[in-house]
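Novice: take a look and give me a structure for this.
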Amino acid sequence: LVTPRTLNFAIGTVPLLATLPPQAFSQTSRCTANAVECSSGGKTTNAEDQRRAKELREQAGLSDISASAEALEQIPGVIIDEGTFKYVLLRVTAASGEQKYLVRGTLGAAYHKDVAIPYVRAYLQEGFGVEVLGGGRILHDVPRGFLKIYGFSYGFPWADGAGHQISAEVCKDFLSGYEVDWSDEGY
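Specialist: Numbers count the residues shown, from 1 in each chain. From the prediction side, this is the model:
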């Protein structure tokens, strides 16, 4: 299982991501490692968060795509923590036009932009096109091999045609043997 904290050891083919410090993946942390504390009562959004999320989407849309399809293949489809946390669905594009959906989730991220920022910046620097398609929450129960994808993101409302069903398919493909459930309900 690849998580933001094990990425250094899991893949050597994504050098920029592997060099990001752990705090890059959880820029704010009112939550603790206890998923119950994280899933109850955390922040939802504010005007500043929505402004920064919009800027991130715009910045990602201005990328100069130069990365190879081979480099795209090396990026893991899912990088998530254990517990309950916010997640984003990204679409990354190589210079050849090949695309890949990526699910990224970080325990302790106060806002969806906090999950997206380190990945968007890293993929842009590596020469990929990046789109933040939307997000929500994930409950990741490793002992049960269970993933529940649900909710929504104020900062990244779903782009046309995107949704949890895509995230669920990516997770099913990447986490073989897991039970993956999704719903647009809840928060």
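
Novice: now do stretch 174-187: everything it contacts.
Specialist: The contact list for stretch 174-187, computed with CB atoms under 8 Å, 6 or more residues apart in numbering, reads 1, 44, 76-78, 103, 137, 144-152, 163-165, 167-168, 171-172. (Each C-beta comes from the backbone N, C-alpha and C, glycine too.)

Novice: repeat the analysis, applying 7 Å as the threshold.
Specialist: 76-78, 137, 145-152, 164-165, 167-168, 171-172 (CB atoms under 7 Å, 6 or more residues apart in numbering).

Novice: same deal with stretch 87-96?
Specialist: Contacts of stretch 87-96 (CB under 7 Å, 6+ apart): 65-69, 71-72, 75, 80, 99-105, 112, 115-116, 119, 123, 128-138, 156, 162, 166-167.

Novice: stretch 99-109 too?
Specialist: 4, 25-26, 29, 31, 38, 72, 75, 77-81, 83, 85-93, 114-115, 119, 138, 166-167, 170-171.

Novice: ok, back up a step: quick one: which of the contacts of stretch 174-187 sit in helices?
Specialist: 164-165, 167-168, 171-172 (DSSP state H).

Novice: got a quick ChimeraX command for the buried subset of the residues you listed?
Specialist: The following ChimeraX line selects those of the ones in helices among the contacts of stretch 174-187 that are buried, judged by 16 or more other CB atoms under 10 Å:
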select :164,167,168,171,172
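
Novice: pick out the most distant pair among the ones in helices among the contacts of stretch 174-187.
Specialist: Across the ones in helices among the contacts of stretch 174-187, no pair lies farther apart than 164 and 172, at 12.1 Å, counting by CB to CB.

Novice: got a pLDDT number for residue 7?
Specialist: pLDDT for residue 7: 44.

Novice: dig out what the one residue sitting closest to the centre of the chain forms beta bridges with.
Specialist: By CA atoms, centre = their mean, the chain has its centre lying nearest to residue 104, at 1.9 Å. Taking DSSP bridges as the rule, residue 104 bridges to residue 79, residue 88.

Novice: now it: how far from residue 47?
Specialist: Distance from residue 104 to residue 47, counting by CB to CB, to the nearest Å: 24 Å.

Novice: I figured residue 147 hits residue 164, correct?
Specialist: No: counting by CB atoms under 7 Å, residue 147 stays clear of residue 164, with 10.9 Å between them.

Novice: where along the protein do the helices fall?
Specialist: According to DSSP H, the helices that the chain contains are 7-10, 15-18, 35-39, 47-60, 69-73, 112-125, 164-174.

Novice: kindly export stretch 82-90 (C-alpha atoms) in PDB.
Specialist: Extracted C-alpha coordinates of stretch 82-90, given in PDB (Å, rounded to 0.1, in the frame of the first residue of the first chain):
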ATOM      1  CA  GLU A  82      -5.500   4.900   6.700                       C
ATOM      2  CA  GLY A  83      -8.500   6.300   8.500                       C
ATOM      3  CA  THR A  84     -11.100   8.900   7.400                       C
ATOM      4  CA  PHE A  85      -9.900  11.800   5.500                       C
ATOM      5  CA  LYS A  86     -10.400  14.200   2.500                       C
ATOM      6  CA  TYR A  87      -9.400  13.100  -0.900                       C
ATOM      7  CA  VAL A  88      -9.200  14.500  -4.500                       C
ATOM      8  CA  LEU A  89      -9.500  12.900  -7.900                       C
ATOM      9  CA  LEU A  90      -6.800  14.100 -10.400                       C
END
